[in-house]
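Colleague: the following comprises the amino acid sequence and a computationally predicted model.
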Amino acid sequence: MTEILLTTLIIMVVLAITIPTLYGFMIGAPILFSPKKVIKEVSRVVEFRRGENFYDLGMGSGRSLIAADKLNLNVTGFELSPVIYWLAKCNLFFRGVKKANLCLRNFYSQDLSQADIVFCFLTPKAMERLRPKFEKELKIGTRVISYAFRINGWEEYQILDSVPPGKIYIYVME
């Protein structure tokens, strides 16, 4: 009887971890980690003001949140995979980030209207799906930073060369 309960519990835990991770992959947010060089380059070029709200959609390991916290930004990260969420939570804890708002949620269903900066390392499919959400919710002056994939139909404010897979596209909401 104990073996059956333990096996059932293990299966439930595996499913609780696997299903959201696979769902994230299917909706255009696979597990991709932003190279540290990308975060440094963005921090060097983009003008950040103390106290601005920095959102990372699909936060991965939390690298961008750590860099943003060092710039005295209010950081919020969204992640759908429980494993990656806890990885980011541990990473931020060990890096001394105390005020991060980490959300184990689907970023498509979150209100982004308070963001001053939105950072994305997502697929072209995800960027296409986010475009109308950005246009509806983001305020004028919000900067959208997309690593590797552009937002079709938008004109870039700036394009930075970076490590593979490509460029960093910076947009400013008008």
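Modeller: It's in. Numbers count the residues shown, from 1 in each chain.
Colleague: quick one: contacts for the nearest residue to residue 55 once chain neighbours are set aside?
Modeller: Take residue 55 and drop its neighbours on the chain: the residue closest to it by Cβ to Cβ, 6 or more residues apart in numbering is residue 115, 4.3 Å away. Just so you know, the C-beta spots here come from the backbone N, C-alpha and C atoms, and that holds for glycine as well. The neighbourhood of residue 115, defined by Cβ atoms under 8 Å, 6 or more residues apart in numbering, consists of 53, 54, 55, 76, 138, 142.
Colleague: which of those residues has the largest number of neighbours?
Modeller: Using other Cβ atoms under 10 Å as the neighbour criterion, residue 55 leads the contacts of residue 115 with 29 neighbours.
Colleague: wait, it touches residue 73, no?
Modeller: No: here residue 55 lies out of contact with residue 73, judged by Cβ atoms under 8 Å, at a distance of 9.9 Å.
Colleague: next, residue 49: secondary structure please.
Modeller: What DSSP: H, G, I helix; E, B strand; the rest coil gives for residue 49 is coil.
Colleague: tell me the phi and psi of it?
Modeller: Torsion angles at residue 49 (phi, psi; degrees, to the nearest 10) stand at phi -110, psi 130.
Colleague: next one: the residue lying closest to it once chain neighbours are set aside from residue 122, what distance?
Modeller: Nearest non-adjacent residue to residue 49, counting by Cβ to Cβ, 6+ apart: residue 116, 7.8 Å away. Residue 116 is 19 Å from residue 122, where distance means Cβ to Cβ, to the nearest Å.
Colleague: ok, then the element right after the lowest-mean-pLDDT helix or strand in the chain?
Modeller: Taking mean pLDDT, DSSP states H and E as the measure, the helix or strand of the chain with the lowest value is helix 2-26, at a mean of 58. Once helix 2-26 ends, the next helix or strand along the chain (criterion: DSSP states H and E) is helix 36-45.
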